[in-house]
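Student: Pasting the sequence and the predicted model now:
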Amino acid sequence: MKVDECRVCQSHRLDLVLDLGRTALANRFLRPEQLSEPEPTFPLRIILCGDCGLVQLDEEVPREILFKEYLYASGTSSLVRKHARWLGASLGRRYSLGAQDLVMEAASNDGTVLKEFRWQGMPVLGIEPAKNIAAGAIERGIPTIVDFFDDRLARALREQYGPARLFLARHVLAHVADLHGFVRGIKHVLAEDGVAAIEVPHVAELFRHLEFDTIYHEHLCYFSAAVLQTLFHQFGLSIIDVDRVPIHGGSLLVHVGHEGVHPVSPRLVEVLSQEDNLQLDQIETWRSFARRVAHVKE
Ligand SMILES: [Zn+2]
């Protein structure tokens, strides 16, 4: 499905900046009997929003094709397991989480991250749309709802389980077509003093290190802190802190709370000013990126 409005600000000022052609979907190894079948390919093109500066794909592969049966399991990566331990320890301490504080995670995968909170005594709840992956988490004792997280589900979860003191969303926001529904869901489910910790690959690193191999059909959006701030503000949420994490080519762990509840860290100002220096919202910046990609291709 072709996209004609920006996923964050709904602007129609969208300019093509990089065309990677039609490519097959990732994470999809073929079985011997599939080798003679035609493999579907989909366009892979990057556009820039002239209003909010969001870098995004202009085409969507239906999420039922992408995520219902999923092959990527977090627990198979020792780097992700190590990162999960750091998240459990540092977030637990930073927000003084205890046995009364529900930790909820969207796209909780096989429960690798939630496990780090459960052993500290906090109640946990995972939400994971891939049946095969969720089954593994449930087997390991992590309660998991098999569904996509959105506004509708968030209301039902709050009703049944109460508000989340910590809401985690690691490397899922880039996969979400209905960003507004997802963020509205966070607004609903988050306790008054709660924090959402959202991890995304940082578009500044994609640009600086020419990480065009991280552009694929599952990642609809490539976020900067500035664009995320625009997104959250629309729903009465704001970024209160940001950590740089070395995972997935350089990511941001963005801490988000209800507007006006938490103090804002100077680290946010620092990241915003770095992004500003790189001019990540300018078309000429991304045209130069496309020229560098073409050079590598040649
Ligand atoms: Zn926009």
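Tutor: Perfect, I can see it now.
Student: Could you confirm Arg85 falls within a helix?
Tutor: Yes. Remark: Arg85 belongs to a helix, assigned using DSSP: H, G, I helix; E, B strand; the rest coil.
Student: how many neighbours does it have?
Tutor: The tally of other residues near Arg85 (other Cβ atoms under 10 Å) stands at 14. Any C-beta I mention is one placed from the backbone N, CA and C, and that applies to glycine too.
Student: One more: Val103?
Tutor: Applying other Cβ under 10 Å, we find 26 residues neighbouring Val103.
Student: Surely it is in contact with Pro123?
Tutor: Yes. Between Val103 and Pro123 there is a contact under Cβ atoms under 8 Å: 7.1 Å.
Student: Quick one: end-to-end length of stretch 250-263, please.
Tutor: Criterion Cα to Cα, to the nearest Å; first-to-last residue distance in stretch 250-263 is 25 Å.
Student: for whichever strand or helix holds Leu228, which positions count as buried?
Tutor: Element membership for Leu228 (DSSP states H and E) is helix 225-233. Residues of helix 225-233 classed as buried by neighbour count (16 or more other Cβ atoms under 10 Å): Ala225, Ala226, Val227, Leu228, Gln229, Thr230, Leu231, Phe232.
Student: Just the closest of the residues you listed to Arg93, please.
Tutor: Distance to Arg93 across these (Cβ to Cβ) is lowest for Ala225, with 23.1 Å.
Student: what does the helix-or-strand element of the chain with minimal mean pLDDT rub up against?
Tutor: In the chain, no helix or strand scores lower on mean pLDDT, DSSP states H and E than helix 63-67, which sits at a mean of 70. Residues from elsewhere that reach helix 63-67 (Cβ atoms under 8 Å, 6 or more residues apart in numbering): Leu25, Pro129, Ala130, Phe148, His175, Ala177, His217, Glu218.
Student: mind redoing it with 6 Å?
Tutor: Pro129, Ala130, Glu218 (Cβ atoms under 6 Å, 6 or more residues apart in numbering).
Student: what's the spacing between the residue of the chain most remote from its centre and Leu30?
Tutor: Among residues of the chain, the one most distant from the C-alpha centroid is Ser36; the distance is 34.9 Å, by Cα atoms, centre = their mean. Distance, Ser36 to Leu30, by Cβ to Cβ, to the nearest Å: 10 Å.
Student: How about Asn277?
Tutor: Remark: distance between Asn277 and Leu30 (Cβ to Cβ) = 44 Å.
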